[in-house]
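[1] Return a 3D structure for these sequence lines:
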Amino acid sequence: MRRGTYAALITLMVWATVAWAGPGPDEIIELSRKMVALQRAGNHAEALTVGQMTLRISEQILGPEHPTVAIYLDHLGTLYRTLGEGAKAEPLFLRALAIREKALGPEHTALASSLTHLATLYRDERRYAEAEPLFQRAVALREKQEGTNNPSLARLLERYAELLQATNRGGEAAQLRARAAAIGRQ
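    Numbers count the residues shown, from 1 in each chain. Purely as a prediction, here's the structure:
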């Protein structure tokens with residue numbers, strides 16, 4: 001089956017389910033899982049269709065400012081970033097960050113995810129001056145809330161090290177990579 005046909009079929013099936021029974025939290029979670037599975041399988045067109053639906057339905061059920069909506073905004077933004085569509089990803093990441101800051105406060109560890117997504121986008125677009133403070137804030141939040149030896153911090157340090165390397169700060173990048181490797185060994 002062709003990708004466009006498959007995406008249209010998924011859309012029709014999901015909307016038929018929603019129209020018949022009305023969506024609920026379980027349907028949102030299932031759609032989100034489907035989007036991630038499609039993305040991992042490289043089926044980006046289908047993943048995008050499912051991701052857009054997931055966001056719309058979650059906004060309808062939970063409200064546009066609910067912290068869970070931020071998760072789906074980040075998922076969809078990551079998909080757009082993967083597809084090289086940073087202009088579509090950026091507003092999604094910014095909105096996710098704003099929702100989390102308002103709902104959870106400026107020190108909540110969930111902000112680190114949104115900060116990392118946005119910083120990674122900016123790094124990929126060579127907007128290094130905008131990316132670095134976001135990486136720094138994400139690192140500080142992870143360290144404060146989760147400690148200095150967790151795997152999510154190690155992955156974040158690797159991403160930040162890529163920015164430092166790209167800005168000719170190899171010594172600092174090497175220090176972050178060594179720290180990430182030490183976390184990985186523990």
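[2] the bottom helix or strand of the protein by mean pLDDT?
    Within the chain, judged by mean pLDDT, DSSP states H and E, the helix or strand with the poorest mean is helix 3-21; its value is a mean of 43.
[3] So which elements touch the next helix or strand after that one?
    Following helix 3-21 in sequence order, the next helix or strand is helix 25-40 (DSSP states H and E). For helix 25-40, the helices and strands in contact under the criterion 3 or more Cβ pairs under 8 Å, 6 or more residues apart in numbering; DSSP states H and E are helix 3-21, helix 44-62, helix 67-82. Heads up, the C-betas are built off the backbone N, CA and C, glycines and all.
[4] Report the buried residues of the last one.
    In this case it means helix 67-82. If you call a residue buried by 16 or more other Cβ atoms under 10 Å, then helix 67-82 has these buried ones: 68-81.
[5] show me where pLDDT drops low in the protein?
    Low-confidence segments of the chain, defined by pLDDT under 70, span residues 1-24.
[6] Determine which residue lies closest to the centroid of it.
    Central residue check for the chain by Cα atoms, centre = their mean: the C-alpha nearest the mean position is that of residue 74, 3.5 Å away.
[7] Quick check: the farthest pair among the buried residues of helix 67-82?
    Of all pairs drawn from these, the one with the largest separation by Cβ to Cβ is 68 and 81; the distance is 20.6 Å.
[8] quick one, what contacts the nearest residue to residue 146 once chain neighbours are set aside?
    Here the nearest residue to residue 146 in space, its sequence neighbours aside, is residue 109; by Cβ to Cβ, 6 or more residues apart in numbering that works out to 6.1 Å. Contact criterion Cβ atoms under 8 Å, 6 or more residues apart in numbering gives 141-142, 145-146 as the residues in contact with residue 109.
[9] Show the buried residues in those residues.
    Buried residues within these, defined by neighbour count using 16+ other Cβ under 10 Å: 141-142.
[10] Give me the subset of the contacts of residue 109 lying in helices.
    Helix and strand membership here follows DSSP state H; of those, those in helices are 141-142, 145-146.
[11] Would you mind giving those as CSV with distance to residue 87 added?
    Supplementary listing: the ones in helices among the contacts of residue 109 in CSV, determined by distance: Cβ to Cβ, whole Å:
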residue, distance to residue 87
141, 27
142, 28
145, 31
146, 32
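[12] Tell me the one among the residues you listed nearest to residue 160.
    Closest to residue 160 out of the ones in helices among the contacts of residue 109 is residue 142 (10.8 Å), distances taken as Cβ to Cβ.
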